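okay, sequence plus prediction incoming.
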Amino acid sequence: MVRRKSIPVNVGGVVIGGAAPIAVQTMTKTDTRDVKATLRQIHELKDVGCEIVRPAVPDREAAEALKEIVKEQVQAIERDLIVRGLEVTNGNVTRTAKLLKISRKSLQMKMKEFGLRGED
């Protein structure tokens, strides 16, 4: 199979086009207005190797729901990065903040928000 030439585009860290490997992508089958069901399906798709998930946004209500979906995904990614950073630095908050390129205070606030540390 011969691939046609195309310009590479970066979509959330996944390169599409050019000489990049073919990315696994799909659309959700849930009603995007159902935030919990859509998030569940996105996580399931990610777990089986999907690199790009495109939710359908047929109307204004679905667009509003998409804001919540994006917000929850960003929070999940932030939490995961903090946990990984703490693992790499053996729990050293200062080194984790430097690794993530955020202030120590911001990291502490995020850790508290995500329940990754006790009350001071």
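Done, it's in.

tell me how many other residues crowd Gly85.
20 (other C-beta atoms under 10 Å). Where you see a C-beta, it was placed from the backbone N, CA and C, and this is true even at glycine.

ditto for Val88
By other C-beta under 10 Å, the residues close to Val88 number 12.

before we move on, what about Lys46?
When neighbours are defined as other C-beta under 10 Å, Lys46 has 12 of them.

check Lys110 too.
By other C-beta under 10 Å, 19 other residues sit near Lys110.

for it, report the pLDDT, please.
For Lys110, the pLDDT comes out at 96.

with Asp120 instead?
pLDDT at Asp120 comes out at 42.

next one: Arg4
Looking at Arg4, its pLDDT is 83.

off-centre distance for the helix ranked longest in the chain?
The residue-count maximum for a helix in the chain (DSSP state H) belongs to helix 60-88. Relative to the centre of its chain, helix 60-88 is centred 5 Å away, using C-alpha atoms, centre = their mean, to the nearest Å.
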